[in-house]
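Q: here are the coordinates; sequence isn't available:
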């Protein structure tokens with residue numbers, strides 16, 4: 001059974017440069033690329049963990065609520081609440097986002113994570129083989 005974590009928060013409205021919803025969405029995705037899985041040095045966007053991102057207008061002009069859904073890299077991941085909080089903090093740091101809800105869901109091990117780990121293992125093994133070869137000369 002999947003675990004579901006939800007974190008919700010709001011911040012005070014601050015004045016900023018008006019922009020379109022599309023511009024704000026691009027900024028959201030860019031900011032999320034600075035949010036890394038605590039156990040893997042890859043950001044949540046490139047890792048494919050974000051599977052839903054919605055911006056809904058609030059009453060004030062150019063003010064939005066962000067609803068984000070992310071998946072975790074492994075079932076029972078103890079870092080789920082930490083990752084969700086980091087994503088929420090990144091969202092709230094963007095001018096124009098006044099509320100942020102982040103739901104994270106633990107699912108089966110993510111295929112891209114397994115592939116990434118396999119690639120890293122191959123790199124380490126290749127480096128070791130090269131070093132061992134050079135030392136044998």
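A: That came through fine. It should be emphasised that the depicted structure is a prediction, and the values quoted were computed from it without experimental measurement.
Q: right, and the helix or strand after the one helix or strand residue 68 maps to?
A: If you go by DSSP states H and E, residue 68 is part of strand 64-71. Next helix or strand after strand 64-71 toward the C-terminus (DSSP H and E): helix 80-92.
Q: now that next one: mean pLDDT?
A: For helix 80-92, mean pLDDT rounds to 91.
Q: and what of stretch 33-53?
A: For stretch 33-53, the per-residue pLDDT averages 86.
Q: one more: stretch 97-106?
A: On average, stretch 97-106 scores 88.
Q: mind listing what's buried in it?
A: If you call a residue buried by 16 or more other Cβ atoms under 10 Å, then stretch 97-106 has these buried ones: 97-106. Using the backbone N, CA and C atoms, a C-beta is placed for each residue, glycine as well.
Q: of all the residues in stretch 82-99, which ones are buried?
A: 83-84, 86-88, 90-91, 94, 96-99.
Q: the protein: helices as residue ranges?
A: Taking DSSP state H as the criterion, the chain carries its helices at 21-32, 80-92, 111-136.
Q: worst average pLDDT in those?
A: helix 111-136 (a mean of 64).
Q: isn't residue 91 right up against residue 98?
A: No: judged on Cβ atoms under 8 Å, residue 91 makes no contact with residue 98 at a distance of 10.0 Å.
Q: right, I'll leave it there.
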